[in-house]
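>>> Return atomic coordinates for the entry below.
(4 chains, ligands or ions: 4)
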Number of protein chains: 2
Amino acid sequence: MLNYSTSEENYIKAIFHLQRQDGTVTTNELANELKTKPASVTDMMKKLKVKKLLNYQPYQGFRLTNEGNKVALGIIRRHRLWEYFLAEKLKFSWDEVHEVAEELEHVSNKKLIDKLDEFLGFPRTDPHGDPIPDANGKIEISKKICLTAMALNTIGVVSSVSDQSSEILELLEHKKIAIGTKLEVKKKFEFDNSMEVKIGRQPAFTISNQLAENIFVLSN
Amino acid sequence: MLNYSTSEENYIKAIFHLQRQDGTVTTNELANELKTKPASVTDMMKKLKVKKLLNYQPYQGFRLTNEGNKVALGIIRRHRLWEYFLAEKLKFSWDEVHEVAEELEHVSNKKLIDKLDEFLGFPRTDPHGDPIPDANGKIEISKKICLTAMALNTIGVVSSVSDQSSEILELLEHKKIAIGTKLEVKKKFEFDNSMEVKIGRQPAFTISNQLAENIFVLSN
DNA sequence: CTATTTTTTTAGTTTTGTCTAAAATTATTT
DNA sequence: AAATAATTTTAGACAAAACTAAAAAAATAG
Ligand SMILES: [Mn+2]
Ligand SMILES: [Mn+2]
Ligand SMILES: [Mn+2]
Ligand SMILES: [Mn+2]
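Ligands and ions are numbered 1, 2, ... in the order given. As a prediction, this is how the structure comes out:
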């Protein structure tokens, strides 16, 4: 497998994540995700097309080819293994690991990553509950669902929070919700899509729809 | 402390190492070390001068400023900590670690490196016996000396080999010399600067000057 | 079905780091 | 000390990755 620049890798990974949700990815979407300008995206899409990582016809949006998906899974493997290493071995907290892994993921030495995987005991998920692809690029289907999608009276373990702003962290701290917290959904209100949840035997409390949309749990 | 590009860091580190030996470093020396062209070196020297990392007057060679030395020690700290991690935790052999550390050293997140240092138990030397600068950039003086500089009948522990070619490794393997081997110098010959050495109680054997110049030991 | 708005692409620059070829400077011989 | 050789710098070009402004295409509204 060839080697790609840091910039190319960041584009490839972003496309991979966006196409999970949207099928085909658009120029503006990707520019927004990578905090760059649409013109820069178009330039890179031409490059990735030449390298056969991308299906792209002008104005038609883009998807990764099979080869592109393989490359993306390699980057995600490196990212998540480093996240696990940082949290588990270096005792970083779960909200600090992403930024550092964003750089470490670009050191692409196969032996390094496979030995790291072994050293870590072949972990199945990263500190956010996302599955780690194996050495062949195989990845389990994520069991994470959004809090808004949970059935009533079922318990889920908080595994990740999509927004990483300090505002959401402040609110989560106030509500005593952290990664690992067990939440039970007791009621949902049609009017504003707010919900009441419980932690263990404590009294139920209310969560707004905006907050619930950003909380993901591993269910039963 | 500011952030520098991978390319800048590679130049800074190379100057640091060359000036240990030579006092002031020349354009050709550095070009040769970094496998680049003299014109590229001159360009970069101008940049590093503007950033006040370098004392440089055209045609006069260059030296790092105090600030430049500090930056270099930070890079060397990262490099050697990663080398230690690769050898000690991931079980890389001593001749494989350098190449990977050459990339990892450019991920410059202070917390990452200080936590890594702690995780590793604050090691004092890397797998080649070279001292690791502490978080403040303090570094012990290396006790490594060249095999050619050893006194007769003293024992030294092989700690590094400056050449890393497969040719030298083949020869070292044949002579049963590895990192950690205890060598005793028994005789030196003026004619070709070859020497006779012993490993433990085994019979003495001959080492050429070219080979001896590339072997470094920690003595008593 | 036009007209307007939004999205995307193109054209032309900029910055960083590299290179080759030529010019300038310094070092070494004779 | 002048000629020659070696080293270093400059000038000009190029590739990667970004940007701004303008043009082109697609989507949406009236
Ligand atoms: Mn990244
Ligand atoms: Mn993650
Ligand atoms: Mn390096
Ligand atoms: Mn080393």
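
>>> Can you pull the residues of chain A lying near DNA strand D?
Contacts of chain A with DNA strand D, taken as Cβ under 7 Å from any atom of the strand, map to A:5-8, A:35-37, A:39-40, A:43-44, A:47, A:59. All C-beta atoms are positioned from the backbone trio N, CA, C, and that covers glycine.

>>> Pull out the buried residues from the residues you listed.
Buried members of the residues of chain A next to DNA strand D, counted by 16 or more other Cβ atoms under 10 Å in any protein chain shown: A:Glu8, A:Thr36, A:Met44.

>>> Mind checking which of those residues are in helices?
A:Glu8, A:Met44 (DSSP state H).

>>> Now flag whichever of the buried ones among the residues of chain A next to DNA strand D is closest to A:Ile141.
Ranked by distance to A:Ile141 (Cβ to Cβ), these are led by A:Glu8 at 27.0 Å.

>>> The closest one and A:Lys51, how far apart?
Note on A:Glu8: its distance to A:Lys51, by Cβ to Cβ, to the nearest Å, is 8 Å.

>>> before we move on, what about A:Ala72?
A:Ala72 sits 13 Å away from A:Lys51, going by Cβ to Cβ.

>>> quick one, which of these two is more surrounded?
Between A:Ala72 and A:Lys51, A:Ala72 has the larger neighbour count (other Cβ atoms under 10 Å in any protein chain shown), namely 23 against 16.

>>> Name the SS class of A:Lys187, please.
Counting by DSSP: H, G, I helix; E, B strand; the rest coil, the backbone at A:Lys187 sits in strand.

>>> ok, now how distant is it from ligand 4?
Distance, A:Lys187 to ligand 4, by Cβ to the ion, to the nearest Å: 61 Å.

>>> Show the contacting residues for that residue.
A:Lys187 is in contact with A:Leu152, A:Met195, A:Glu196, A:Ala204, counting by Cβ atoms under 8 Å, 6 or more residues apart in numbering or on different chains.

>>> longest helix anywhere in chain A?
The longest helix of chain A (DSSP H) is helix A:66-88.

>>> quick one: is that helix near ligand 1?
No: on the criterion Cβ under 5 Å from the ion, helix A:66-88 is out of touch with ligand 1, staying 7.4 Å away.

>>> any idea how far that helix is from the chain center?
11 Å (Cα atoms, centre = their mean, to the nearest Å).

>>> before we move on, back to that, looking at the contacts of A:Lys187, which is nearest DNA strand C?
Closest approach to DNA strand C among the contacts of A:Lys187 (Cβ to the nearest atom of the strand): A:Met195, at 31.3 Å.

>>> Tell me which two of the residues of chain A next to DNA strand D sit farthest apart.
A:Thr6 and A:Tyr59 (28.0 Å).

>>> Need the nearest residue in space to the residue of chain A found nearest ligand 3, chain neighbours excluded.
The nearest approach of chain A to ligand 3 comes at A:Val107, 10.7 Å away (Cβ to the ion). Distances taken as Cβ to Cβ, 6 or more residues apart in numbering or on different chains put B:Glu103 closest to A:Val107, at 4.6 Å, once the chain neighbours are dropped.

>>> Could you pick out the residues of chain A near DNA strand C for me?
Residues of chain A lying near DNA strand C by Cβ under 7 Å from any atom of the strand: A:26-29, A:38-39, A:41-43, A:45-46, A:56, A:58-61.

>>> Just the ones in strands from these, please.
A:Tyr56 (DSSP state E).

>>> part of a helix, is A:Gln210?
Yes: assessed by three-state DSSP, A:Gln210 belongs to a helix.

>>> tally of neighbours for it?
Per other Cβ under 10 Å, the neighbour tally for A:Gln210 reads 13.

>>> And it, how close does it get to A:Ser219?
Here A:Gln210 is placed at a distance of 21 Å from A:Ser219 (Cβ to Cβ).

>>> State the pLDDT value of A:Val100.
On the pLDDT scale, A:Val100 is placed at 97.

>>> helices or strands up against the helix or strand hosting it?
Secondary structure assignment for A:Val100, by DSSP states H and E: helix A:97-104. Packing contacts for helix A:97-104, counted by 3 or more Cβ pairs under 8 Å, 6 or more residues apart in numbering or on different chains; DSSP states H and E, involve helix A:66-88.

>>> got the contact list for the residue nearest the centre of chain A?
The centroid of chain A falls nearest to A:Asp130 when counting by Cα atoms, centre = their mean (6.6 Å). Applying Cβ under 8 Å, 6+ apart to A:Asp130 gives the contacts A:Arg80, A:Ser142, A:Lys144, A:Ser159, A:Ser160.

>>> Which parts of chain A are helices?
Taking DSSP H as the criterion, chain A carries its helices at A:6-22, A:27-33, A:38-50, A:66-88, A:97-104, A:110-119, A:166-174, A:209-212.

>>> so which of the ones you listed gets nearest ligand 2?
Among the helices of chain A, if distance is taken as Cβ to the ion, the winner is helix A:66-88, at 4.9 Å.

>>> buried ones in the closest one?
Using 16+ other Cβ under 10 Å as the test for burial, helix A:66-88 gives A:68-69, A:71-87.
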